[in-house]
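Student: Just the structure for this:
(chains A, B and C)
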Amino acid sequence: MRQEIILSTSKKQEIIDITPKVNEIIKKSKVKNGLCNVFAVHATAAIIINENYDPNVCLDILDALNKLVPAGIWRHDKIDSNADAHIKSTILGSNETIPIKNNELYLGRWQAIMFCELDGPRSSRRIIVTVIDD
Amino acid sequence: MRQEIILSTSKKQEIIDITPKVNEIIKKSKVKNGLCNVFAVHATAAIIINENYDPNVCLDILDALNKLVPAGIWRHDKIDSNADAHIKSTILGSNETIPIKNNELYLGRWQAIMFCELDGPRSSRRIIVTVIDD
Amino acid sequence: MRQEIILSTSKKQEIIDITPKVNEIIKKSKVKNGLCNVFAVHATAAIIINENYDPNVCLDILDALNKLVPAGIWRHDKIDSNADAHIKSTILGSNETIPIKNNELYLGRWQAIMFCELDGPRSSRRIIVTVIDD
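Tutor: Predicted coordinates for the structure are as follows:
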């Protein structure tokens, strides 16, 4: 069973918790135990899993990425000024695969599944959620 | 089929080979061919795949991470002094999905699946292993 | 259903688009909707998803990795001078899992699935493609 989440982003860089939306899709699927793949169909965004309880963790993640991969110094910037977003997306990865237990994402207490915008704002970012029975 | 591995870690940072434990779970599942997802339910740990034959590879991986993401300079450190572990966990990723062939992990000669402790020592780190038939 | 792709690489570092080869395997499998796992059985290579339309994006990715993880300064270099390739492989990851829609990889317009050689040239790099029905 596959369903899509469509998001608008409002900043150049932004991390958005999508855990409740992914859990809604799993609930509809009625899959009790299995795997859930969450996939961003974009080369300048990523899917990550980490803490959202202290929102500073997300700001720290973006700060660290910006220190590691500064903007404006790459070949691709000559035709489109977002090479850093492509590199960050490649390092973080476009997808995560998470166990399903009792018809829900089986995450740890401090884990959330999040969409990471790296070249926003954009009006229709698409995330594909695929649910597989085990 | 899903089963858990529980580990204690003894150092601040530590990489532990879990390949034999994951293979035991696959053996019990009797799945001959398919996929195995290995997922750490923690925001300050990660699952990685690399070489364990020369243990220096694991030390080099931790050294590289510590150079890229130093400790103690992030916003989240004001409430919990482990922001660097959250950032490293996000970069490495909490999970890996590996093919199963002949009722075993189908890894390369130099590949092992390993738990990466980034904020230890901790007494009960949990890893979820999910086995799917193809 | 599982099938292998075997590649030769011709440079020390090289990113090779394997999207058409993965789609051929999916076509043979006749799986209409599900998941496709693409896994490199090597500790000095990786599987990544990003843009291949402007080939400079791939060169930028390699440049960024080489700035972040320079060669020749690690413990493992004393026995095999490729520690940087192991570290880069660990950061990028050996595998990706992608949705299948209408018997094809469901990728975004600017996304390609690519093999990333980090310690070439090598004559037989193996990539395992596993196709799962949803």
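Student: Near chain C, which residues of chain A are found?
Tutor: A:1-2, A:35, A:37, A:39-44, A:68-69, A:74-76, A:78-80, A:83, A:86-87, A:89-91, A:93-95, A:97, A:126, A:128, A:130-132 (Cβ under 8 Å from any Cβ of the partner chain). From N, CA and C alone the C-beta is placed, and that goes for glycine too.
Student: Can you verify my assumption that A:Pro124 contacts A:Ser8?
Tutor: Pro isn't right for residue A:124; it's Ser. Yes: under the criterion of Cβ atoms under 8 Å, A:Ser124 makes contact with A:Ser8 at 6.9 Å.
Student: The two: which has the busier surroundings?
Tutor: More crowded of A:Ser124 and A:Ser8, by other Cβ atoms under 10 Å in any protein chain shown: A:Ser8, with 12 against 8.
Student: Please report how far the closest residue to that one other than its chain neighbours lies from chain B.
Tutor: Nearest residue to A:Ser8 in three dimensions, chain neighbours excluded: A:Ser123, at 5.2 Å (Cβ to Cβ, 6 or more residues apart in numbering or on different chains). A:Ser123 sits 26 Å away from chain B when distances are taken as Cβ to the nearest Cβ, to the nearest Å.
Student: Now that we're looking at A:Ser123, what pLDDT does it have?
Tutor: A:Ser123 is assigned a predicted lDDT (pLDDT) of 95.
Student: residues near it, how many?
Tutor: By other Cβ under 10 Å, neighbour count at A:Ser123 equals 10.
Student: What of A:Leu105?
Tutor: 19.
Student: OK, contacts around it?
Tutor: A:Thr19, A:Val22, A:Asn23, A:Ile26, A:Cys36, A:Ile98, A:Pro99, A:Ile113 (Cβ atoms under 8 Å, 6 or more residues apart in numbering or on different chains).
Student: rerun that using 6 Å as the cut-off
Tutor: For A:Leu105, the contact set (Cβ atoms under 6 Å, 6 or more residues apart in numbering or on different chains) comprises A:Asn23, A:Ile98.
Student: do the same with the one 10 residues further on
Tutor: Taking Cβ under 6 Å, 6+ apart as the definition of contact, the neighbours of A:Phe115 are A:Ile16, A:Ile18.
Student: C-terminal to the host helix or strand of it, what's the next element?
Tutor: A:Phe115 belongs to strand A:112-117 when assigned by DSSP states H and E. Using DSSP H and E, the next helix or strand after strand A:112-117 towards the C-terminus is strand A:125-133.
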